[in-house]
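**Q** Kindly return the folded structure for what I paste below:
(one chain, ligands or ions: 1)
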Amino acid sequence: MNTAEADLRSVRSEVQPVLIAGGGPVGATLALYLAQAGVPVILFEGAEEFPLDLRASTFHPPTLDMLDELGLTEKLIPQGLIVREFQFRERASGEAFSFNLARLAGVTNHPYRLQCEQYKLVMTAAEMLEQYPHAEVRMGTKVLGYSSTSAGVKALVFDGEQEHCVHGSFLVGTDGANSRIRHASATLFEGLTYPERFLVVSTRFPFERVFDQLRWVNYVSDPDEWCVLLKTRDLWRVQFPTDPAADPEQLLSDAFIQDRLQRLHPKEGDYDIEHRTLYRVHQRVAETYRVDDRVLLAGDAAHVNNPLGGMGMNGGIHDAFSLGEKLVAIIREGADRHRLLDLYDEQRRGICIAFIQARTKENKRIMESKSTSLQEERRKKFRRLAESQEEQDEYLLESSMIKSLWDSLEIGKEKPADKGREAA
Ligand SMILES: Cc1cc2nc3c(=O)[nH]c(=O)nc-3n(C[C@H](O)[C@H](O)[C@H](O)COP(=O)(O)OP(=O)(O)OC[C@H]3O[C@@H](n4cnc5c(N)ncnc54)[C@H](O)[C@@H]3O)c2cc1C
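**A** This is a model prediction of the structure:
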């Protein structure tokens, strides 16, 4: 055994596990990150089996770079669809503006989006976790609450038959938008819920054959009914807004869905419908991601936003890497816990408010805008982008979330002026 392996073994035997509540994409990624760094971890998933959750389908370039470090990207690529170009389109005129992610080749190893359902990430990560004896996945086990001291944390879990207490070094709430951990810590989830629900419908119908110049990812603006048309490996997914006053049962009915699709593209006979789901959509951010010195929030437990731009899960995976890196430094190298956990909150909460929340709200505003001057503003912006390669590159860096990652890493960096002050 070499020194590094011996060192790792001693870390595993001395350290209490990091407890992770919630085995969605964020919890599963964090568990794998910690397991690969030799940190003991227990992932609790409330469901008996990982849910076949279809919500997120877009993985952005920097997320693929990160997942690559864990060996996940190469396993996801064959399960998804590589998309180099995405498009903004005017529903009425068909005018289209396309952006090519290949232009980012100098700054990312993955200059494309991967369209792949989020459950495939969870299942692949869970399978990889099996090879680490210090990583445990407890299915059908809900985390109900916790207590924490400066020395560690105790989680109350329910395995379907019994309640148990499990001790750990840290507890991370990755248990989604209705997070128990966030509720138990009386952490506010500030923001708004949109009145309209989003309807997502999947079909095998080949839209690429009927719409001219369609790409595999298309944001379609319209003052009456915007929509998003996304392709995964086997299906087209269409997202529409719905009338806030409508009955949810009616919105999910065959008649309603067929009518919406026929309005998008009239054709003979019904569309085949593979999935249909109605989502409530929110813009909310927890008042802190660092509940105390032992309890943290990440992913949807910490922030939620509308899906226009595909930033919720991606942002959550960026949280998992930021937090994972800091927990490893604290646990393995004895780094300053207070400073690093504060930094996690400043970096990830800071960038969520400054960029992810702002950008997704703006995406919705420009797609649904009813005012003719705003619609003209949108068209002008895209025409300008189409003409200037420099502005296009800026836009690609931003919309692919690369710039937000760079910006988050700048937060909390020691500035030369701070050094000078310390020395004085
Ligand atoms: C229509 C739609 C489309 C979207 N598309 C995209 C996209 O393309 N790209 C993107 O980046 N984002 C997208 N999102 C957002 C994305 O789905 C979420 O941001 C993502 O699922 C968050 O992952 P998470 O792991 O934080 O939480 P979740 O995925 O909600 O996972 C939480 C997990 O915790 C478990 N759990 C809950 N409570 C407990 C408990 N008490 N104890 C133990 N386990 C518990 C749940 O069973 C679940 O498995 C979309 C969202 C919607 C609604």
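
**Q** Let me know the secondary structure of the residue nearest to residue 176 when sequence neighbours are not counted.
**A** Excluding its sequence neighbours, the residue lying closest to residue 176 (CB to CB, 6 or more residues apart in numbering) is residue 300, at 4.7 Å. All C-beta spots, glycine's among them, are computed from the backbone N, C-alpha and C. Following DSSP: H, G, I helix; E, B strand; the rest coil, we place residue 300 in the helix state.

**Q** Residue 300 is in contact with residue 25, isn't it?
**A** No. Assessed by CB atoms under 8 Å, residue 300 is found out of contact with residue 25, at 9.4 Å.

**Q** Between the two, which contacts overlap?
**A** Shared contacts of residue 300 and residue 25, defined by CB atoms under 8 Å, 6 or more residues apart in numbering, comprise residue 316.

**Q** Look at the nearest residue to residue 52 once chain neighbours are set aside and say how many residues are nearby.
**A** Among residues not flanking residue 52 along the chain, residue 119 sits closest, at 5.1 Å (CB to CB, 6+ apart). Neighbour count for residue 119, taken as other CB atoms under 10 Å: 18.

**Q** which strands and helices sit next to the helix or strand hosting residue 119?
**A** Element membership for residue 119 (DSSP states H and E) is helix 118-129. Applying 3 or more CB pairs under 8 Å, 6 or more residues apart in numbering; DSSP states H and E, one finds that helix 118-129 contacts helix 25-36, helix 73-76, strand 135-138.

**Q** Of all these, which one is nearest the ligand?
**A** helix 25-36 (3.5 Å; CB to the nearest ligand atom).

**Q** could you check the angle helix 118-129 makes with the closest one?
**A** Counting by axes from the mean of the first three to the mean of the last three CA atoms, to 10 degrees, helix 25-36 lies at 20 degrees to helix 118-129.

**Q** Identify all contacting residues around helix 25-36.
**A** By CB under 8 Å, 6+ apart, helix 25-36 touches 18, 20-21, 23, 40-41, 43, 45, 56, 67, 70, 72, 118, 121-122, 125-126, 128-129, 132, 134-135, 137, 172, 174-175, 298-300, 313, 316-317, 319-321, 323-325, 327-328.

**Q** what's the spacing between the spatially most central residue of the chain and residue 119?
**A** When the chain is reduced to its mean C-alpha position, the closest residue under CA atoms, centre = their mean turns out to be residue 313, at 0.8 Å. Distance of residue 313 to residue 119, computed by CB to CB, to the nearest Å: 11 Å.

**Q** now swap in residue 383 and tell me
**A** The gap separating residue 383 from residue 119 is 39 Å, by CB to CB.

**Q** pretty sure residue 65 contacts residue 110?
**A** Yes. Between residue 65 and residue 110 there is a contact under CB under 8 Å: 5.9 Å.

**Q** what touches both of these two?
**A** Shared contacts of residue 65 and residue 110, defined by CB under 8 Å, 6+ apart, comprise residue 73.

**Q** Got the phi and psi for residue 98?
**A** Residue 98 has phi and psi values of phi -110, psi 150 when expressed as degrees, to the nearest 10.

**Q** my guess is it meets residue 214, correct?
**A** No. At 10.0 Å, residue 98 does not count as touching residue 214 under the criterion of CB under 8 Å.

**Q** And these two? Which one has more around it.
**A** Applying other CB under 10 Å to residue 98 and residue 214 shows that residue 214 carries more neighbours, namely 21 against 17.

**Q** Please name the residues that touch that one.
**A** 87, 207, 208, 229.

**Q** With residue 313 instead?
**A** 25, 26, 55, 56, 118, 299 are the contacts of residue 313 under CB under 8 Å, 6+ apart.

**Q** For the first one, grab the count of nearby residues.
**A** Residue neighbour count, defined by other CB under 10 Å, stands at 29 for residue 25.

**Q** now the last one
**A** Using other CB under 10 Å, the number of residues around residue 299 comes to 30.

**Q** From residue 93, how far off is it?
**A** According to CB to CB, residue 299 stands 38 Å off from residue 93.

**Q** which parts of this structure sit against the ligand?
**A** 21-27, 44-47, 51, 53, 55-58, 118, 142-143, 174-176, 180, 198, 200, 279, 299-300, 307, 310-314, 316 (CB under 6 Å from any ligand atom).

**Q** For PyMOL, what selects the buried ones among those?
**A** The following PyMOL line selects those of those that are buried, judged by 16 or more other CB atoms under 10 Å:
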select buried, resi 21+22+23+24+25+26+27+44+45+46+53+55+56+57+58+118+142+143+174+175+176+180+198+200+299+300+307+310+311+312+313+314+316
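
**Q** Can I take it that the residue nearest to the centre of the chain is in a strand?
**A** No. Secondary structure assignment (three-state DSSP) places residue 313 in helix, not in a strand.

**Q** Spatially, what comes nearest to it if we skip its sequence neighbours?
**A** Nearest residue to residue 313 in three dimensions, chain neighbours excluded: residue 56, at 3.8 Å (CB to CB, 6+ apart).

**Q** Need the three-state assignment for the residue lying closest to residue 335 once chain neighbours are set aside.
**A** In space, and not counting its chain neighbours, residue 335 is closest to residue 329: 3.9 Å by CB to CB, 6+ apart. Here residue 329 is recorded as helix under three-state DSSP.

**Q** Considering the contacts of residue 214, which possesses the most neighbours?
**A** Busiest of these [other CB under 10 Å] is residue 229, holding 22 neighbours.

**Q** mind listing what that one touches?
**A** Contacts for residue 229 (CB under 8 Å, 6+ apart) come out as 207, 211, 214, 217, 218, 220, 236, 237, 238.

**Q** try 10 Å
**A** Residues near residue 229 by CB atoms under 10 Å, 6 or more residues apart in numbering: 87, 89, 207-208, 211, 214-220, 236-239, 264-265.

**Q** Can I get the buried part of those residues as one ChimeraX selection?
**A** Those of these that count as buried under 16+ other CB under 10 Å are selected in ChimeraX with:
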select :87,89,207,211,214,215,216,217,218,219,220,236,237,238,239,264
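
**Q** Give me the subset of the contacts of residue 229 that lies in strands.
**A** Using DSSP state E, the subset of the contacts of residue 229 located in strands is 87, 89, 217, 218, 219, 220, 236, 237, 238, 239.

**Q** Give me the pLDDT value at the fifth one.
**A** Spelled out, that is residue 219. On pLDDT, residue 219 comes in at 94.
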